[in-house]
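Enquirer: Have a look at this prediction, sequence included:
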Amino acid sequence: METNESWDGLRLDGNTVVLGIIGDPIAQVKAPLPLTRLLQARGINAVLVPLHVQGGDLAGLLRALHAVCNVAGIVVTVPHKQRVAGLPIELLRAAREAQAVNVIRRTTEGWQGDLLDGAGFLAGLVRNGFDVEGRSVGLVGAGGAGNAIALALAAAGAASIDVHDVDDAKRAALVERLRALGHVAGSWDAASPRDLVVNATPAGMKKSDPLPVALSAIRPGHTVADVIMEPATTPLLARGQELGARIVHGRHMMNEQLEAMADFFFGGALR
């Protein structure tokens, strides 16, 4: 007997198209339900499911999933964005510039990747009333999200973008990438004040994590933003708010990306 099953108004049956979201860990992700709801509201019979995958298994996973005919694509989250970009897949412009991906979709030859983090983060800032143009930025994290955010902020007219990362090679590579594009960039001690302080690392997901920046970097009236989804208000954001700064939660970056993800997987134009 064949039936169309649904729960909470959502459809799930033999015709459902599957998207995966991969990360390590994965329990913190918030996108599966809202993206599934958005897709089905558009009339697309698709679901997004979390997949806990370790870094050494990524290449094998992509090979295996390409053989699953109703898998349309994958959302990529920490810490896999740069590693996936280094695999033999086609990269669109934003992903090529940052050498990181957060979405990949099936093609007849393999996978095609793009990076929506930067545009989503910037849109979240704007929606929260922050004007990037002419502002100084202190960015912690030169991984996939950090690269995307830095490039988006630079393109939006940030006066300077200074970067801190425990991995000196990653920090230097991002600073050089920004300078090569004609932007003002340098190293940051994560303690000197900046108009906008951004945490693009996982620091804050666990209660035992130290703050990613010194409190001396935060000034009343300045803005502190985080990319972390869980907890919603990280210790950094809580302390920033106590110090009189405007805060921007990680969910804003995700929320701004949902429509773009739907377009990317099911009919968006190539860039």
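Expert: Structure received.

Enquirer: residue ranges of the helices in the protein, please?
Expert: With DSSP state H as the definition, the chain shows helices at residue ranges 32-41, 58-66, 81-85, 93-98, 117-127, 144-155, 168-180, 235-242, 250-265.

Enquirer: Now the spatially most central residue of the chain. Nearest residue, chain neighbours left out?
Expert: Among the residues of the chain, residue 117 comes closest to the average C-alpha position under C-alpha atoms, centre = their mean, at 4.0 Å. Closest residue to residue 117 apart from its sequence neighbours, by C-beta to C-beta, 6 or more residues apart in numbering: residue 148 at 3.8 Å. The C-beta positions use only the backbone N, C-alpha and C, and glycine is treated the same way.

Enquirer: thinking again about what came up before, need the winner for burial among the helices of the chain.
Expert: Between those, helix 144-155 has the highest mean count of neighbours, a mean of 26, where neighbours are mean count of other C-beta atoms under 10 Å.

Enquirer: which residues sit against it?
Expert: Contacts of helix 144-155 with the rest of the structure, by C-beta atoms under 8 Å, 6 or more residues apart in numbering, involve 76, 78, 80-82, 85, 94, 97-102, 115-119, 121-122, 132, 137, 139-140, 142, 161, 163, 165, 174, 177-178, 181, 183, 185, 196, 198, 200-201, 227.

Enquirer: Got the domain ranges for this protein?
Expert: Under the assignment automatic domain parsing, the domains of the chain span 5-116+254-265, 118-253.

Enquirer: could I get those domains as a markdown table with mean pLDDT?
Expert: What follows is the domains of the chain, written out as a markdown table (pLDDT from 0 to 100):
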| stretch | mean pLDDT |
| --- | --- |
| domain 5-116+254-265 | 94 |
| domain 118-253 | 96 |
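
Enquirer: follow-up on the earlier one: reformat the helices of the chain as CSV; add distance to residue 108.
Expert: CSV is the format used below for the helices of the chain (distance: least, C-beta to C-beta, whole Å):
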stretch, distance to residue 108
helix 32-41, 22
helix 58-66, 10
helix 81-85, 19
helix 93-98, 19
helix 117-127, 27
helix 144-155, 26
helix 168-180, 32
helix 235-242, 44
helix 250-265, 16
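
Enquirer: looking at those, which is closest to residue 214?
Expert: Distances from residue 214 to each of the helices of the chain were compared using C-beta to C-beta; the shortest belongs to helix 235-242, at 10.4 Å.

Enquirer: Which strands or helices does the closest one pack on?
Expert: Secondary structure elements in contact with helix 235-242, counted by 3 or more C-beta pairs under 8 Å, 6 or more residues apart in numbering; DSSP states H and E, are strand 223-226, strand 246-248.

Enquirer: Highest mean neighbour count out of the ones you listed?
Expert: With neighbours defined by mean count of other C-beta under 10 Å, none of the helices and strands packed on helix 235-242 is more surrounded on average than strand 223-226, at a mean of 26.

Enquirer: partners of that strand, with directions?
Expert: When sheet partners are counted by DSSP bridges, strand 223-226 sits next to strand 196-199 (parallel), strand 246-248 (parallel).

Enquirer: May I have the first one exported as CSV, CA atoms only?
Expert: So that's strand 196-199. Coordinates of each C-alpha in strand 196-199 appear next as CSV, following Å, rounded to 0.1, in the frame of the first residue of the first chain:
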residue,chain,number,x,y,z
LEU,A,196,32.3,45.6,14.8
VAL,A,197,33.6,42.5,16.6
VAL,A,198,32.8,39.2,14.9
ASN,A,199,33.2,35.7,16.2
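
Enquirer: and that strand, how far out from the chain's middle?
Expert: Strand 196-199 has its average C-alpha position 14 Å from the chain's average C-alpha position, going by C-alpha atoms, centre = their mean, to the nearest Å.
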